[in-house]
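next comes the sequence, and after it the predicted model I'd like to discuss.
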Amino acid sequence: MSKPTKMSTALLVTAMTTLLLIPAFSAHARVTKIVITQKTSPLYGGRSFGAAGQYEEIKGTASGEIDPNDRRNALITDIQLAPRNARGSVEYTATFTMVKPIDMSRASGLMTYEVVNRSSHLLPGRYNFGGDPGDGFLYNTGDVLLWSGWEGDMRFGGPGETIQLPVATNADGSPVTGPVLWRFINVPGNVNTQYFYRFVPGSVPGMGRTPLTLDTSMATLVSATSETPTGVKAGVTRIASSDWAFADCTSVPFPGTPDPTRLCLRNGFDPALLYELVYTAKDPVVQGVGMAAMRDIVSFFRRKAQDDVGTPSPVANQIRYVMGHGISQSGRYIKSFLNLGFNEDESGARVWDAATSEIGGAQGTFNIRFADQRVYEQSALYVPGAEGPLWWADYADVARGRPAWGLLHRCTQTNTCPLVFEAYGGAEYWYGRGTIGLAGTMGTEDLPLPPNVRRYYMPSTTHGGGPGGFSIDQPAVSDLNGMACALARNPNPEAETLRALYVALKAWLVDGIAPPPSAYPRLSDGTLVTANSAAMGYPAIPNSPAPDGVMNSLLDFDYGPLFRYNDESGVITNLPAPVRQVIPTLAPKVDADGNEIAGTKSLLLQLPLGTYTGWNPVAGGVLKGQECVLAGGYIPFARTRAERLANGDPRLSIEERYTSVSNYYFQASVIAKKLIAQRFLLVEDGVRITNQARQELSASGLLPIVWPLPLR
């Protein structure tokens, strides 16, 4: 076992010192009351998990208040317009769920806080193979798991974790107003009514973006026949205000029943067009209070024995370490949370000792007036997400004329930075603009990582990774807009790598064992290049699209003078936002098969059955050829040499590569052992994957079996 690193030792000493200095209650910012509403004990039919034993689930609400004048809360957009209680504080109430060992003497002392994604828990189903509880990976650790609501546009008390947040109001009682934009893409035919967003279960129609007036002459609706990635439209038609309404026409003919959450077109929507609506909204939710609530809820369960009225914490004095974890939208949230300094609570203590930003390429709209978290496409046109830093250490953004800044700037000043893992795949580069965090906006240098940060790139993967397995037959895929993508589903997995990284981060935090070295594309070694076929070395595969023109480049938007770019916060006044310049986004270099070279390669990618891409073009329609939202793709190899030659495919066939199932299995076993030694694969996962390869390939008929194994 290696010795603790200087960084981990310093973090631990600082955390212990800070803990001793914390008063029983700060004057403001704290959870004032918890209410336990439900307890299920034991969970999962009484199943026992390793040394941790049985688990139980506790659900409840946490109410709290924050000081709007404290420097740690001053960055919350519209905080000075939020209503206050008699003590001058801003209040919130959030739901929470805790899953913990029944016998806390058998717990590990570590609590993992997962930032929920649109109110949903993702971590258990993603990390426990077979679903929750599945193989019990997370529960065998003895860790406590915690979730709470943070997103103000979900119905409080609805499914998942929710929160009651304040609404901004002017001092004279008048509503706060401003422009908002909705885009309707891939609308089905024979439809005349659409909500202003793609429906998310539990969300509240119009929440925080209600039209100030239903008078359509005060709004603008246009259609277009096509649009470039930089927002240049063709066939633009402004739809007369008399031909559409803020209304529901599903059962009442146009102009329908007035409805501030839906739009009705007199002649119905045309699926061959895109539509763009700009109107004045009122009553924005003060969304940034959700970040402060998350901060204080974590601090309460970590540090407090009871609330203000004497209700005891279910884990009082039992938590020594906390790891934050975010997946996709929540991974972006992790970056914004740290960027805005929320990892320091109002007593000056560190909130998360360690944090993982998983498959989150950029930041997000978490502290912007009239932002809507129900929008999935955080890298879509006009939607903020990459205006602030995507890099960790300070870097001068000369291309956009912004001062030196980094995601860890604020926590560095207060000595509250956590240990950080950044883990993502191909879709976060091709759609999420993630390579800007590697080489900056100039794209000319490898930006250094601070000593407390590790970056792990899972090459040639789609968003979240594929299901794994060893089949060359993959289904068609559509993106989050429902648009058909040109390539089949990418099965290349991420799950095994992520489980190993969870163990590695915990070991770094608790035991001081340095994690595996960062692994990602770099300019200096030639694995980060211009995003075209020639520079990437992408092969000419017959009857398949090339990556040229697919990359979602970084657009430098002008959101107006009230937007704070490095904070990814503030007020947007320009919509649609003008594009000041296009900043090219780089791409990973590939091998002769079209598979990416750099990063933490899965076993399947090291023994490929095809080309696995982090990109996948839209197959047709208004956005044809642009990147499908967060979608990767797959192009199988030919089965035999004869088939390859007949197709003119430059990639070797499966037959030529592996000759037999026994040979593939032998190579898989060697690679699994290497990945285990590198700590990118757990032993139990290596056994499972190699057995799966043998079984599935034997059943598929792709290769002759040829047992026993050849001698090597």
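Cool, got the structure.

Thr412: what secondary structure?
Assigned with DSSP: H, G, I helix; E, B strand; the rest coil, Thr412 falls in the helix class.

meant to ask about Ala486
Using three-state DSSP, the structure places Ala486 in strand.

surely Tyr502 is in a helix?
Yes - with three-state DSSP as the criterion, Tyr502 is part of a helix.

surely it touches Thr356?
Yes - counting by Cβ atoms under 8 Å, Tyr502 does reach Thr356; the two are 7.5 Å apart. C-beta: built from backbone N, CA, C; applies to glycine.

if you count surrounding residues, which of the two has more?
Neighbour totals were compared for Tyr502 and Thr356, and Thr356 leads with 28 against 24 (other Cβ atoms under 10 Å).

you'd agree the more buried one is up against Leu501?
Yes - with contacts counted by Cβ under 8 Å, Thr356 reaches Leu501, the gap being 7.3 Å.

show me where pLDDT drops low in the stretch 601-712 of the chain?
The model of the stretch 601-712 of the chain has pLDDT under 70 over residues 707-712.

show me where it has its strands.
Assigned by DSSP state E, counting those that start in this stretch, the stretch 601-712 of the chain shows strands spanning 610-613, 633-636.

deepest of the ones you listed, which one?
Of all the strands of the stretch 601-712 of the chain, strand 610-613 has the most neighbours on average by mean count of other Cβ atoms under 10 Å, namely a mean of 27.

what packs against that one?
Contacts defined by 3 or more Cβ pairs under 8 Å, 6 or more residues apart in numbering; DSSP states H and E place strand 610-613 against strand 633-636.

Tyr275 is in what secondary structure piece?
Using DSSP states H and E, Tyr275 sits in strand 274-282.

that strand pairs with which strands, and in what direction?
Strand 274-282 pairs in its sheet with strand 177-184 (antiparallel), strand 210-211 (antiparallel), strand 220-224 (antiparallel), by DSSP bridges.

CSV for the ones you listed, including mean pLDDT?
Output for these, formatted as CSV (pLDDT from 0 to 100):
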stretch, mean pLDDT
strand 177-184, 93
strand 210-211, 94
strand 220-224, 97
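
state the mean pLDDT of the following helix or strand past the strand holding Tyr275.
Per DSSP H and E, the first helix or strand lying C-terminal to strand 274-282 is helix 289-303. In this model, helix 289-303 carries a mean pLDDT of 97.

next one: helix 289-303 to chain centre, how far?
20 Å (Cα atoms, centre = their mean, to the nearest Å).

shift numbering so it begins at 389
Okay, residue one is now 389; in that scheme the one you just asked about reads as helix 677-691.

tell me the mean pLDDT over the next helix or strand after it?
Sequence-wise, the next helix or strand downstream of helix 677-691 (DSSP H and E) is strand 709-715. Averaged across strand 709-715, pLDDT comes to 98.

Ala864 versus Ile1023, what's the distance?
13 Å (Cβ to Cβ, to the nearest Å).

what is in contact with Thr744 and Leu889 at once?
Phe809, Ala811 (Cβ atoms under 8 Å, 6 or more residues apart in numbering).

low pLDDT regions in the stretch 539-688 of the chain?
Looking at the stretch 539-688 of the chain by pLDDT under 70, you get 585-589, 593-594.

tell me where it has strands.
Taking DSSP E, counting those that start in this stretch, the strands of the stretch 539-688 of the chain run over residues 551-552, 565-572, 581-583, 598-599, 608-612, 614-615, 621-622, 625-626, 632-633, 635-636, 645-646, 650-653, 662-670.

can you list the residues that contact the first one?
Okay, so that is strand 551-552. So strand 551-552 is in contact with 480-483, 536-540, 542, 544, 678, 681, going by Cβ under 8 Å, 6+ apart.

repeat the analysis, applying 7 Å as the threshold.
Tyr480, Thr481, Ala482, Gly537, Trp538, Glu539, Gly540, Phe544, Gly678, Ala681 (Cβ atoms under 7 Å, 6 or more residues apart in numbering).

parallel or antiparallel, which strands does that strand pair with?
By DSSP bridges, strand 551-552 pairs with strand 478-489 (antiparallel).

give me the contacts around the strand it pairs with.
With Cβ under 7 Å, 6+ apart as the contact definition, strand 478-489 has outside contacts at 431, 440-441, 443-454, 456, 467, 470, 472-473, 495, 530, 532-537, 549-554, 677, 681, 685, 702-703.

tell me which residues of it come out buried.
Residues of strand 478-489 classed as buried by neighbour count (16 or more other Cβ atoms under 10 Å): Val478, Glu479, Tyr480, Thr481, Ala482, Thr483, Phe484, Thr485, Met486, Val487, Lys488, Pro489.

quick revisit: tell me the one among the contacts of strand 551-552 nearest to Ala635.
Gly540 (25.7 Å; Cβ to Cβ).

what about the closest one, how many neighbours?
26.

pretty sure it contacts Val673?
Yes - the criterion here is Cβ atoms under 7 Å, and Gly540 meets it with Val673 at 3.9 Å.

any shared contact partners between the two?
Counting by Cβ under 7 Å, 6+ apart, the contacts common to Gly540 and Val673 are Leu553, Gly596.

re earlier: any chance of the buried residues of strand 478-489 in JSON lines with pLDDT and distance to Gly925 as columns?
Output for the buried residues of strand 478-489, formatted as JSON lines (pLDDT from 0 to 100; distance: Cβ to Cβ, whole Å):
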{"residue": "Val478", "pLDDT": "97", "distance to Gly925": "54"}
{"residue": "Glu479", "pLDDT": "97", "distance to Gly925": "57"}
{"residue": "Tyr480", "pLDDT": "97", "distance to Gly925": "52"}
{"residue": "Thr481", "pLDDT": "98", "distance to Gly925": "55"}
{"residue": "Ala482", "pLDDT": "98", "distance to Gly925": "49"}
{"residue": "Thr483", "pLDDT": "98", "distance to Gly925": "50"}
{"residue": "Phe484", "pLDDT": "98", "distance to Gly925": "49"}
{"residue": "Thr485", "pLDDT": "98", "distance to Gly925": "47"}
{"residue": "Met486", "pLDDT": "98", "distance to Gly925": "49"}
{"residue": "Val487", "pLDDT": "98", "distance to Gly925": "46"}
{"residue": "Lys488", "pLDDT": "98", "distance to Gly925": "50"}
{"residue": "Pro489", "pLDDT": "98", "distance to Gly925": "51"}
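
dump the residues you listed to CSV, plus distance to Asp944.
Formatted as CSV, these follow (distance: Cβ to Cβ, whole Å):
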residue, distance to Asp944
Val478, 34
Glu479, 38
Tyr480, 34
Thr481, 39
Ala482, 36
Thr483, 39
Phe484, 39
Thr485, 40
Met486, 43
Val487, 43
Lys488, 46
Pro489, 50
